[in-house]
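> My questions are about this predicted structure, shown below with the sequence.
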Amino acid sequence: MSVQVIFLIFFGGAAVWFGVVVFRTHSMVRSALALLFSQTAIGAMFLVMQAEFLGVLQIMMMATEMSVMAIFMVMFMMDPGGMGAMDMTHQKRLSLRAGGIGLLAALAAVWIPDWGLVATSVPGAQQQAEDLGRELLGRSMFIFQSAGLTILTAMVAATMVAIVPNEEQRK
Amino acid sequence: MDGIEPHFMSMASLTKDQPRSSDGLQMDWINVPFGPFFPGLPAGLHLTLTLDGDTVAGSDTTSLVGAMDLLDGGQMAAADFVDRLAAAIPLTPVAYRALACAALEDAAGIAPSADQHRSRAAAIERERIASHLSWLAEFGAQSGFAWLAGRAGALQLAVQTADITGISTLAAPIARLTRRVQNAPLLRMRLGGIARVAKDSPASGPVDRARGGGSDVRSGDATMTALGFEMRSQDGGDALARMRQRCDEIGQSIDLIAAAGMIAKPGLADIGTASGAGMATVETPRGAARLHVTLTKGQVVEARLDTPSTRHLALIDTLTARRELGDALVAVGSLDLSPWEIRG
Amino acid sequence: MSILIILLSLAAGAYVLAVLERWAVHGHLSLTGPAWAALALLGRESVLARTPDRLFFEAGPVLLLVAGLLAVAVIPLAPGLIITDLATGALFLNAALAYVLVALIMAGWGPNGAYGMIAGWRFLGQFIAYAMLIVMPITAVAMRAESLSTTAIVTSQAQLWNVVYQPIGFALFVVAAMGLAWLPPLDLPDAPGDLAGGVEAEYTGVRLAVLRLARMVIILALAGATVTFYLGGWLGPWLPPAAWSAIKILFVAAAMLSVGRYMPRIREARYLALSWKLGISLALANIFVVGVIALVVPI
């Protein structure tokens, strides 16, 4: 086995293990940060597969996003420290079924389509960044711009929904 | 929230009986002590804030150093009483020494000479400068304004023991300090609009005069008027106005000391075996303090003290309610409380 | 070999910074002061909180140090003198420094104390303010260099330093960098007067030494980043390139450390409002202006 495959297995295992910790731990903050490190492991997998830009981007974005999720968990959930050892899982049957279906769908997406030949060599990181840039601003510009606008609209709408009812309440 | 699951615990129903926060988000309320040795608050003040996340939901203030009795066992000799009162309030001993002397002289019916009045007034003004500089240093320590903390502290120590010539030499550096502080970047952001004291709240001293108008005990004093005293005030009533007021008073005190021309520690004339009841008020650096004494044959048998910090204690609750923690601490600091004055 | 040189210069730089900070705070120059202070910290008793989240309590300072070291790994001190010249160096710097936030959240939550917890979450609020303002100026800098590699960014400034080409970006980046390193006046998580030391309050002994060392490394990394992106890195006449890097980095770090002594701490709400309303508008304008100039002017 090449070194690359060993590292892939290691980081993949780490991602899965951290993912399991998310649900096994009682502490909300530990859960959020375990998810963070799971995503970091996925970013590391990108780096191992020599997709440098994607790997670095994944590591950077997930650190900040999961931290914001951590504070939301502290704000909205009881016992964020997990000291009360409450069972925080709900709708166990439904989630088991949904998880199973998701797993089958993911496996199907991995095995069934024809992904083409495995690339034996990848362009250098500098070339990859250039190609990615041209793709983003060329063929995929519409998708990314509309996704960006949709997210911005959602942010503004969510903020307004949170603020406006309070102001009306105060009057 | 019914219908999801039989035993589903929703935050809304579980926290039904808890007190509500102002923005509707229910969080854990914690009691955090900002205790007697907290850097940035006056030492001896035990402030317990109930924090709703980052916002203050309630406060409880006590002083841990105000318990000393004014009279050591029933009755005291007049001279001992003056020393005891000065020792009980070590942040502004000169002002309280002058207060005790004035109250005892009023009870005994003695009138000190004009020179004694002037040197006493100058000593109180010197202490006012030192006290306001010390407040500036504490503000610097609290808000991370390290240069101010160092410089104001050094000038305070120099002023405290300076004589007339010393004070006139220090006048220029002190003026530079106050000018530089008031023009510091980010100062208006830090203090502007914070801790606005309403016009009808009971307040005294710079806290009172910084909200437009107000009163000053020195306005009714003949000696002070002869030295050219005029009450100064600021508009706004917020922490920035209070800082400006204190800087203004520093400059005014320097001029008054120069006009007086003599400084001496307040001393009590010989009371002998006089009897009677007397009262005096003095404008201490933090506000008007009033002392009632009763003399029997030269011994003080009863004393009642009214201090500005006790009045300002009641403001803390309103000034910190629903404020972010940093703003609340700046609000408490801007009141310039002396825990030694908070008696009982 | 170059890795060793860089790590040694990093250690030397951190020591010099500690001497400078001591001079700024206490007023006298003491060359052995930091060494004695470090020894004292290492020898002191480690006081543990009563019911800490042990994992986070231990991991916080260590992760902070790791984040700082990773950030330093992409700073070039001279042509060829860099630990790893990634093609996405500028982005990697930002990714490494994002873990400063994670580390401070851990360090704040771990000890199970009110001061630390409030400080940790306050830093998240501060992060939301500075995060965009760190990345957007880097975008403009990378636009001019047509590369994300830090070495390429430095060589692109051979004719004109970015501080002159993109002054708005420089101002925004420096302020955001001070927010990231929680330097006064943006020292909300560490506020000595507000929170009795904040995240550092519950740490003593060895862990405090690691926390302080990590902070020095982060300040050096950010000073290095400022010099790389805006002040021409190792470029300069007469002296060897490494000397120029050292001088510039120490100068920027000293400036960052000392400017906060002359102002009070910011208010978090105002800082957030200013960063988003004013800061992001300026950053977007900066990107636009730099783009136009880069297309029109051939330097």
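That came through fine.

> residues in contact with the helix or strand of chain C with the lowest mean pLDDT?
Here the helix or strand of chain C ranked lowest by mean pLDDT, DSSP states H and E is helix C:192-195, holding a mean of 85. With contact meaning C-beta atoms under 8 Å, 6 or more residues apart in numbering or on different chains, helix C:192-195 is reached by B:39-40, B:141-144, B:325-326, B:329, C:115, C:118-119, C:188, C:201, C:265. C-beta coordinates here come from the backbone N, C-alpha and C atoms, glycine included.

> What of stretch B:52-64?
For stretch B:52-64, the external contacting residues (C-beta under 8 Å, 6+ apart) are A:75, B:19, B:21-22, B:25, B:27, B:29, B:36, B:44-51, B:313, B:316-317, B:320-325, B:328, B:339-340, B:342, C:118, C:121-122.

> Close to chain C: what parts of chain A are there?
For chain A, the residues in contact with chain C (C-beta under 8 Å from any C-beta of the partner chain) are A:27, A:29-30, A:33, A:36, A:52-53, A:56-57, A:59-60, A:63-64, A:66-68, A:70-71, A:74, A:81, A:83, A:124-126, A:128-129.

> Excluding covalently adjacent residues, which one is nearest to whatever residue of the stretch 1-150 of chain C ends up closest to chain B?
Chain B sits closest to C:Ala114 of the stretch 1-150 of chain C, with a gap of 4.2 Å, by C-beta to the nearest C-beta. In space, and not counting its chain neighbours, C:Ala114 is closest to B:Val32: 4.2 Å by C-beta to C-beta, 6 or more residues apart in numbering or on different chains.

> Helix, strand, or coil at the one you found?
strand (DSSP: H, G, I helix; E, B strand; the rest coil).

> Downstream of the least confident helix or strand of chain C, the next helix or strand is which one?
helix C:205-230 (DSSP states H and E).

> Low-confidence regions, the chain specifically.
Using chain A. A:1, A:78-79, A:84-88, A:166-171 (pLDDT under 70).

> sorry, should have said chain B
Residues of chain B that meet the criterion pLDDT under 70 lie in B:1-24, B:344.

> how near is the residue nearest to C:Ala114 to A:Glu52?
46 Å (C-beta to C-beta, to the nearest Å).

> Between these two, which has more neighbouring residues?
More crowded of B:Val32 and A:Glu52, by other C-beta atoms under 10 Å in any protein chain shown: A:Glu52, with 22 against 18.

> who's in contact with that one?
Residues counted as contacts of A:Glu52 (C-beta under 8 Å, 6+ apart) are A:46, A:125, A:128-129, C:86-88.

> out of those residues, who's nearest C:Ala253?
Nearest to C:Ala253 among those, counting by C-beta to C-beta, is C:Leu86 at 23.2 Å.

> which one's the longest helix in the chain?
By default, I'm working from chain A. Assignment by DSSP state H gives helix A:141-170 as the longest helix of chain A.

> Please refer instead to chain B.
helix B:114-142.

> Identify each buried residue in that helix, please.
Within helix B:114-142, the residues that qualify as buried are B:116-142, counting by 16 or more other C-beta atoms under 10 Å in any protein chain shown.

> Please determine whether it lies in contact with chain C.
Yes. Looking at helix B:114-142 against chain C by C-beta under 8 Å from any C-beta, the contacts come from B:139-142.

> ok, of the residues you listed, which one's closest to chain C?
Checking the residues of helix B:114-142 next to chain C against chain C by C-beta to the nearest C-beta gives B:Gln142 as the nearest, at 3.6 Å.

> That closest one and B:Leu329 touch, don't they?
Yes. Using C-beta atoms under 8 Å, B:Gln142 is in contact with B:Leu329, at 6.6 Å.

> any residues in contact with both of those two?
Residues touching both B:Gln142 and B:Leu329 (C-beta under 8 Å, 6+ apart): B:40-41, C:193-194.

> Need the max-distance pair from those residues.
Farthest pair in these, by C-beta to C-beta: B:Leu41 and C:Asp194, 10.0 Å.

> so what secondary structure elements neighbour the helix or strand following the longest helix of chain B?
Downstream of helix B:114-142, the next assigned helix or strand under DSSP H and E is helix B:146-160. Under the contact criterion of 3 or more C-beta pairs under 8 Å, 6 or more residues apart in numbering or on different chains; DSSP states H and E, helix B:146-160 touches helix B:114-142, helix B:164-182.

> Of all these, which one is nearest C:Phe170?
Proximity to C:Phe170 (C-beta to C-beta) singles out helix B:164-182 among these, at 26.9 Å.

> Give the buried residues for stretch A:61-68.
Across stretch A:61-68, burial judged by 16+ other C-beta under 10 Å covers A:62-64, A:66-67.

> I'd guessed C:Ile293 sits against C:Val164; true?
No. Taking C-beta under 8 Å as the definition, C:Ile293 is not a contact partner of C:Val164, at 11.5 Å.

> the more surrounded of those two?
Legend: neighbour count by other C-beta under 10 Å for C:Ile293 and C:Val164, higher for C:Ile293 (15 against 11).

> Contact partners for the residue positioned nearest the centre of chain A?
Centroid-nearest residue in chain A: A:Gln39, 5.7 Å away (criterion: C-alpha atoms, centre = their mean). Residues near A:Gln39 by C-beta under 8 Å, 6+ apart: A:15, A:58-59, A:62, A:66.

> cool, A:Met69 as well?
A:Met69 neighbours (C-beta under 8 Å, 6+ apart): A:32, A:35.

> Centre of the chain to the strand or helix carrying it, how far?
According to DSSP H and E, A:Met69 maps onto helix A:52-76. A distance of 8 Å separates the centroid of the chain from that of helix A:52-76, by C-alpha atoms, centre = their mean, to the nearest Å.

> which element follows it toward the C-terminus?
Once the chain leaves helix A:52-76, the next helix or strand it forms, by DSSP H and E, is helix A:92-111.

> For the helix or strand following that next one, buried residues please.
Using DSSP H and E, the helix or strand that follows helix A:92-111 in sequence is helix A:125-137. Neighbour counts over helix A:125-137 (16+ other C-beta under 10 Å) mark A:125-126, A:128-129 as buried.

> now those residues in TSV, with distance to A:Trp111?
TSV is the format used below for the buried residues of helix A:125-137 (distance: C-beta to C-beta, whole Å):
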residue	distance to A:Trp111
A:Ala125	30
A:Gln126	34
A:Gln128	27
A:Ala129	31
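
> Reformat those as JSON lines; add distance to chain B.
Below are the buried residues of helix A:125-137 laid out as JSON lines (distance: C-beta to the nearest C-beta, whole Å):
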{"residue": "A:Ala125", "distance to chain B": "42"}
{"residue": "A:Gln126", "distance to chain B": "42"}
{"residue": "A:Gln128", "distance to chain B": "43"}
{"residue": "A:Ala129", "distance to chain B": "39"}
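
> Tell me where the stretch 1-150 of chain B has helices.
Using DSSP state H, counting those that start in this stretch, the helices assigned to the stretch 1-150 of chain B run over residues B:11-14, B:78-88, B:93-108, B:114-142, B:146-160.

> will you turn those helices into TSV that also has distance to B:Val197?
Below are the helices of the stretch 1-150 of chain B laid out as TSV (distance: least, C-beta to C-beta, whole Å):
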stretch	distance to B:Val197
helix B:11-14	37
helix B:78-88	27
helix B:93-108	22
helix B:114-142	16
helix B:146-160	23
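
> Which positions in chain B make contact with chain C?
Counting by C-beta under 8 Å from any C-beta, the residues of chain B close to chain C are B:30, B:32, B:38-40, B:51, B:54, B:139-147, B:150, B:184-187, B:189-191, B:324-327, B:329.

> re earlier: buried members of the contacts of stretch B:52-64 into PyMOL, please.
In PyMOL, this line selects whichever of these come out buried by 16+ other C-beta under 10 Å:
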select buried, (chain B and resi 27+36+44+45+46+47+49+51+313+316+320+323+324+325+328+339+340+342) or (chain C and resi 118+121+122)
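
> Could you count how many residues lie near residue 119?
No chain specified, so I'll use chain A. As a burial measure, A:Ala119 scores 9 neighbours (other C-beta under 10 Å).

> Chain C, not that one
With neighbours defined by other C-beta under 10 Å, the count for C:Ala119 comes to 28.
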